[in-house]
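K.L.:
coords below, sequence missing:
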């Protein structure tokens with residue numbers, strides 16, 4: 001059963017990997033779809049849960065595809081983490097991918113420690129996990145950049161994402177992580193900051209039924225569309241509640257859905 005869309009759509013939140021591009025290549029029709037949204041004067045915010053690539057690399061990748069983004073148009077968990085660390089006066093203890101480490105350079109905001117976990121890939125060794133565990137039981141705060149279960153890897157198959165490792169540390173340390181990326185409510189709302197748009201007037205488009213779609217709807221986003229590209233697998237639309245407002249083939253079809261219901 002489809003959810004009723006918001007009577008007016010003012011902004012569109014777009015996931016990146018699996019929606020706009022796969023690897024280094026744009027998904028067919030995605031760039032033209034984004035141009036259609038710009039042509040209709042709809043605000044666009046890119047909300048990515050990637051925790052392997054630094055922000056500058058994402059901006060360069062989008063530019064290579066012909067998409068220029070302003071500083072306020074791209075929200076990543078690493079950026080949200082730096083803001084959290086500054087606000088709470090904490091120094092990061094990183095368990096992240098080596099490529100992401102520079103995002104935190106120079107951001108030592110106090111004596112309190114906060115373990116920050118992202119998709120560390122091969123850096124998820126026993127020694128690294130155990131060091132994070134010991135910091136947590138010694139009183140460090142616990143930040144999860146994302147808790148996605150899987151991601152679509154370069155070989156086309158699904159691979160473990162950060163969520164499994166966050167869950168292991170939560171189990172061992174008996175401490176719940178503060179999630180900074182999707183599906184956290186504050187992440188979706190931060191994407192709309194500065195826009196003349198209530199959460200119910202925004203649409204989320206993603207390939208992850210749990211973090212992108214159900215997360216957005218739980219956060220009060222008016223509609224959330226699941227695309228059959230990227231990590232999508234048949235039946236995903238029924239695995240997590242709330243269910244998608246609609247399931248569409250790709251971003252081009254999502255934009256068609258949005259413009260038909262814009263109000």
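P.N.:
In hand now; what should we look at? Predicted model, so just to flag it, every value in this text is computed and none were measured.

K.L.:
Tell me which helix or strand the spatially most central residue of the chain sits in.
P.N.:
Nearest to the centroid of the C-alpha atoms of the chain, with distances taken as Cα atoms, centre = their mean, sits residue 49, at 2.7 Å. In the assignment (DSSP states H and E), residue 49 maps to no helix and no strand.

K.L.:
which phi and psi does residue 73 have?
P.N.:
Here the main-chain torsion angles of residue 73 (degrees, to the nearest 10) amount to phi -100, psi -10.

K.L.:
What pLDDT is listed against it?
P.N.:
We have a pLDDT of 94 for residue 73.

K.L.:
which strands and helices sit next to the helix or strand encompassing residue 133?
P.N.:
Under the criterion DSSP H and E, the helix or strand holding residue 133 is helix 126-137. Packing contacts for helix 126-137, counted by 3 or more Cβ pairs under 8 Å, 6 or more residues apart in numbering; DSSP states H and E, involve strand 90-95, strand 112-117, helix 162-173. To be clear about C-beta, it is placed using only N, CA and C from the backbone, and glycine gets the same treatment.

K.L.:
Would you tell me which of those gets closest to residue 204?
P.N.:
Between residue 204 and the helices and strands packed on helix 126-137, the shortest gap by Cβ to Cβ is with helix 162-173, which sits at 18.9 Å.

K.L.:
Who does the next helix or strand after the closest one pair with, and is each partner parallel or antiparallel?
P.N.:
Toward the C-terminus, helix 162-173 is succeeded by strand 178-179 as the next helix or strand (DSSP H and E). If you go by DSSP bridges, strand 178-179 pairs up with strand 141-144 (parallel).

K.L.:
Output the helices and strands packed on helix 126-137 as a markdown table; include the columns mean pLDDT and mean neighbour count.
P.N.:
Formatted as a markdown table, the entries for the helices and strands packed on helix 126-137 read as follows, by pLDDT from 0 to 100; neighbours: other Cβ atoms under 10 Å:
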| stretch | mean pLDDT | mean neighbour count |
| --- | --- | --- |
| strand 90-95 | 96 | 20 |
| strand 112-117 | 97 | 23 |
| helix 162-173 | 98 | 18 |
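
K.L.:
Can you say which of the ones you listed is nearest to residue 248?
P.N.:
Between residue 248 and the helices and strands packed on helix 126-137, the shortest gap by Cβ to Cβ is with helix 162-173, which sits at 25.2 Å.

K.L.:
Okay then, goodbye and thanks.
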